[in-house]
Each structure stands twice: as C-alpha cells, then as structure tokens.
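Novice: sharing a sequence plus its predicted fold:
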Amino acid sequence: MAELVCENCGSTDAVVHLTQIVNNEMSTHHLCERCAAEKGLESTPDTANTPLVDVIAQMTLDSGREAETSDSECSFCGLTFDGFRQTGRLGCPHCYETFSDHLPRLLRRIHGSTNHVGKVYLPPDPTASDMEKRLEGLRRKLERAVQSEDFERAAEIRDQIRALEPA
C-alpha cells in the first residue's frame, strides 16, 4: 500500500487519518503530524484507546490553567471543574455558562468543532393533536347515536369520521 501524503502541506507522509461526517456526507482527510497539531488533533499512539474522561483531564493539564480551572464551581448545582474532569459530564444547564471559558477548546479538540450539526428537535404538529381530539369526540357521538338507535345521525357521524381519518 502506498504512503499517503499530507493533504495540507503536501510534503510529508500523512500519519493522522480523520474521517468526518457532516450533513450525511463522509469525508476523509490525511494529515502529517505537524499539520494535525496545528488543527488541534493529536496523533500519539495512546490517544485512540484513551477514554473521553482521560482526554478531558489531559487537555486541562496541557492548557497550563490547572490552578484557574480547579477553582471554578457552578453556583447552581455546585459542580466543580475538577468534578467535570473526573466524570466527563456537566451537572446542569448553568454549568455551560460557568465553564464557558474552557468548553470551546475541549469541544474543538474532541469533536473538531464547537457547532452542532446534528438533528434538531421538532415539536409535534399541534394540528395533529387537535384532529385526534376531534376524532375522539366524533367516535363518542357515533357510539351514543348507535346506542340510541339514531342510525341516520350515526351514518352522518361515520361519514365525518371517514373524511377526517388519514387514508
């Protein structure tokens, strides 16, 4: 197999192979160690098997802000930055604001970006729930019409239900 050349500088062998999926499009990038480091990607052999919590802890140590980050604490839930480094999880929505100085760098190194490009939650269509309520009401009316033997009214209600129900 031929050695791949760095896509960025084109002069040295690629040792970092980055696969990204953005908008359901997969792209692979091959970078040398120097260009990967410039983009914030590590290429040490042990990083592939390192748990996320260890990566977060190591990044904090590397940043030279150990004393500064140890003092940070969320005023809402009480989570400290040390606690976040140990668990890899934030305690509440307020933690994002409390640790806002440190999170962009972590996100960039872990995910390659600080922007969310995944799916967005869409609330259910309110007209669909209104339609269900209307159908339930018509079904109850249909039942009462049949019980009272008002079959002409029951036939009208049945036709209304059929018109509203999805095919």
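Specialist: Looks like it came in fine.

Novice: for the nearest residue to L135 once chain neighbours are set aside, give me its contacts.
Specialist: Sequence neighbours aside, L164 is the residue nearest to L135 in space, at 5.7 Å (criterion: Cβ to Cβ, 6 or more residues apart in numbering). Quick note: C-beta positions are derived from backbone N, CA and C, even for glycine. Contact partners of L164, counting by Cβ atoms under 8 Å, 6 or more residues apart in numbering, are M131, R134, L135, L138.

Novice: let's see that with 7 Å instead.
Specialist: L164 sits next to M131, R134, L135 when contact means Cβ atoms under 7 Å, 6 or more residues apart in numbering.

Novice: cool, and A14?
Specialist: Neighbours of A14 in contact, by Cβ under 7 Å, 6+ apart: L4, V5, C6, H30, L31, C32.

Novice: from K39, how far off is it?
Specialist: 13 Å (Cβ to Cβ, to the nearest Å).

Novice: grab the nearest non-local neighbour of C92.
Specialist: Once flanking residues are discounted, C92 sits nearest to C77: 4.2 Å by Cβ to Cβ, 6+ apart.

Novice: now do whichever helix in the chain runs longest: which elements does it pack against?
Specialist: Counting by DSSP state H, the longest helix found in the chain is helix 126-147. Contacts defined by 3 or more Cβ pairs under 7 Å, 6 or more residues apart in numbering; DSSP states H and E place helix 126-147 against helix 151-164.
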